[in-house]
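Novice: here you go, sequence then predicted model.
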Amino acid sequence: MAILQEHAAEAAAQPAMSPLKRINAILGGSAGNLVEWYDWFAYSSFALYFARHFFPKGDATAQLLQTAVVFAVGFLARPLGAWLMGLYADRAGRRAALTASVALMSAGSFGIALIPDYAAIGMAAPALLIVARLVQGLSLGGEYGASAVYMTEMAGKGRRGFWSSFQFMTLIAGQLTALAVLIVLQNTLSQGALEDWGWRVPFAIGGLLAIVVFWIRSGLSETRSFLAAKAQGGAPVRTAMLLRDHPRETLAIFGLTCAGSLAFYAYTTYMQKFLVNTSGFSKNTATTITAGALIIYMLIQPLVGWASDHLGRRNVMAAGFGLGAVATYPAFSLIAATSSPWTAFAVMTLLIVILSGYTAVNAAVKAELFPTHVRALGVALPYALANAIFGGTAESVAFGLKRNGTESWFYAYVAVAMAIAALISARLPNTNATELILEA
């Protein structure tokens with residue numbers, strides 16, 4: 001307690017951050033987060049078009065299953081990236097980690113844009129695709145923890161839920177931007193051109209945008225939390241410190257992320273394929289439905305974040321997971337049976353609005369659970385591990401169950417995971433009152 005009081009006194013002695021500087025920091029962090037996630041989601045958005053170039057054998061479901069496996073492989077690198085970049089962010093600073101992560105993402109995106117297809121280099125094509133996705137996985141593993149902590153520390157007490165929600169808002173914006181590029185290319189290129197070479201365009205765009213963000217992030221301010229902790233000195237961060245001193249918090253983040261990531265990829269990236277492969281909509285219609293739902297999803301994040309500042313983040317998160325556990329199975333069943341684009345759009349929108357109870361507040365909740373010296377590692381590592389196990393395998397599990405004729409088991413799988421997360425959320429401390437971020 002004495003140490004916390006001493007840190008609080010030192011933080012209070014620092015000059016308060018001006019509103020303009022705070023907003024600039026949030027926007028700077030947000031821009032980079034958007035580009036990183038655009039690069040990541042471009043893969044899943046364009047998988048319908050490039051799958052046959054890397055995996056020419058089998059029917060459409062088999063090709064999509066193979067691209068989904070590569071999507072999952074990219075997640076395997078995320079825990080390593082989270083561990084390395086989390087340690088780096090807690091030692092060298094949040095800004096340094098953010099800059100390093102976007103440089104890696106640029107390299108991975110350019111790699112995918114330039115890889116020759118299977119017809120040109122055989123098995124080397126999918127092998128190189130896997131390498132590029134591993135590089136992107138390393139990048140994104142570090143990006144989430146660094147950006148979540150940076151934006152939460154910059155947010156300020158009392159509005160932490162609102163401002164930190166922009167982390168996930170820009171994550172969705174990145175996914176939406178990938179879909180927007182897809183829609184533009186669908187309407188400017190012929191089907192043949194898009195399938196032959198047009199799918200490479202979004203990855204080239206992503207690589208170029210990442211270079212711009214590298215420059216922007218180089219000029220960001222460091223957070224007061226990190227500067228205060230650095231001034232205190234102390235022993236270097238060790239992974240064992242996280243597991244020894246904060247096991248309950250680490251396990252809680254792992255459990256929450258298991259359900260949150262599984263539901264997120266089920267409701268968004270897999271849903272686009274589900275609308276085509278199960279419901280029977282055209283690719284263009286499925287893309288339009290997904291884009292419309294994501295626009296609403298993106299815009300509602302700050303509203304839910306604001307609500308968490310007043311109602312409590314624990315309460316908002318528990319409600320989101322609880323409603324998701326109840327709604328998932330009937331919602332997927334309805335979308336599978338409908339031929340109405342409006343019905344599919346309404347039900348998909350309902351699912352992702354419910355999920356906002358987790359996504360809008362998760363960055364703040366996770367950051368508020370840890371002290372400064374292990375905060376980036378504590379947020380990033382359990383998140384990335386859970387993502388690799390549950391988020392990254394969501395599409396592979398779904399396609400595998402579909403091929404076995406048991407697709408509805410996937411709906412039940414997501415619902416059960418969300419029910420467990422609802423129980424974990426209900427047992428969390430009220431981080432609005434117990435947060436360990438001392439700076440106002």
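Specialist: Yep, that arrived. Residues are numbered from 1 along each chain as shown.

Novice: use CA for all of it now, contacts and neighbours both
Specialist: Will do.

Novice: can you pull the contacts of Val102?
Specialist: Residues near Val102 by Cα atoms under 8 Å, 6 or more residues apart in numbering: Gly32, Glu36, Ser139, Glu143, Ala210, Ile211, Val213, Phe214.

Novice: check Tyr118 too.
Specialist: His53, Phe54, Phe55, Pro56, Ala124, Ala125, Pro126.

Novice: which SS class is the fourth one?
Specialist: Think Pro56. coil (DSSP: H, G, I helix; E, B strand; the rest coil).

Novice: hey, where'd the helices end up in the stretch 151-300 of the chain?
Specialist: Per DSSP state H, counting those that start in this stretch, the stretch 151-300 of the chain carries helices over the ranges 160-188, 191-196, 201-218, 224-232, 239-245, 247-267, 269-277, 283-311.

Novice: so which of the ones you listed gets nearest Thr99?
Specialist: helix 201-218 (5.6 Å; Cα to Cα).

Novice: how far off centre is that closest one?
Specialist: Averaging C-alpha positions (Cα atoms, centre = their mean, to the nearest Å) puts helix 201-218 18 Å from its chain's average.

Novice: and what of stretch 35-47?
Specialist: The answer for stretch 35-47 is 11 Å, by Cα atoms, centre = their mean.

Novice: what pLDDT, on average, does it get?
Specialist: For stretch 35-47, mean pLDDT rounds to 83.

Novice: and the contacts of it?
Specialist: So stretch 35-47 is in contact with 64, 67, 71, 102, 105, 109, 136, 140, 143, 171-179, 182, 199, 202-203, 206-207, 209-210, 213, 269, going by Cα under 8 Å, 6+ apart.

Novice: export that stretch as PDB, just CAs?
Specialist: The C-alpha trace of stretch 35-47 is given here as PDB (Å, rounded to 0.1, in the frame of the first residue of the first chain):
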ATOM      1  CA  VAL A  35      -3.600  -0.300 -40.300                       C
ATOM      2  CA  GLU A  36      -2.300  -3.300 -38.400                       C
ATOM      3  CA  TRP A  37      -5.700  -4.900 -38.300                       C
ATOM      4  CA  TYR A  38      -6.500  -4.000 -41.900                       C
ATOM      5  CA  ASP A  39      -3.400  -5.900 -42.900                       C
ATOM      6  CA  TRP A  40      -4.400  -8.900 -40.700                       C
ATOM      7  CA  PHE A  41      -8.000  -9.100 -41.900                       C
ATOM      8  CA  ALA A  42      -7.200  -8.600 -45.600                       C
ATOM      9  CA  TYR A  43      -6.200 -12.200 -45.600                       C
ATOM     10  CA  SER A  44      -9.600 -13.500 -44.400                       C
ATOM     11  CA  SER A  45     -11.600 -11.000 -46.500                       C
ATOM     12  CA  PHE A  46      -9.900 -12.000 -49.800                       C
ATOM     13  CA  ALA A  47      -9.500 -15.800 -49.000                       C
END
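
Novice: what sits against Ala367?
Specialist: Ala148, Val149, Thr152, Arg375, Ala376, Gly378, Val379, Ile437.

Novice: please repeat the previous calculation with a cut-off of 10 Å.
Specialist: 145, 148-153, 164, 374-380, 431, 435-437 (Cα atoms under 10 Å, 6 or more residues apart in numbering).

Novice: for Glu195, same thing?
Specialist: So Glu195 contacts Phe46, Leu48, Tyr49, Phe50, Ala51, Arg52, His53, Leu189 (Cα under 10 Å, 6+ apart).

Novice: helices - which of the residues you listed land there?
Specialist: Phe46, Leu48, Tyr49, Phe50, Ala51, Arg52, His53 (DSSP state H).

Novice: without its sequence neighbours, what residue ends up closest to the third one?
Specialist: Using Cα to Cα, 6 or more residues apart in numbering and skipping residues adjacent in sequence, the residue nearest Tyr49 is Glu195, 5.0 Å away.

Novice: pLDDT below threshold where in the stretch 151-300 of the chain?
Specialist: Flagging of the stretch 151-300 of the chain using pLDDT under 70 yields the residue ranges 233-241.

Novice: follow-up on the earlier one: any of the contacts of Tyr118 buried? List them.
Specialist: His53, Phe54, Phe55, Ala125, Pro126 (16 or more other Cα atoms under 10 Å).

Novice: as CSV, these with pLDDT and distance to His246 would be great.
Specialist: Supplementary listing: the buried ones among the contacts of Tyr118 in CSV, determined by pLDDT from 0 to 100; distance: Cα to Cα, whole Å:
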residue, pLDDT, distance to His246
His53, 79, 46
Phe54, 82, 43
Phe55, 79, 44
Ala125, 85, 43
Pro126, 83, 40
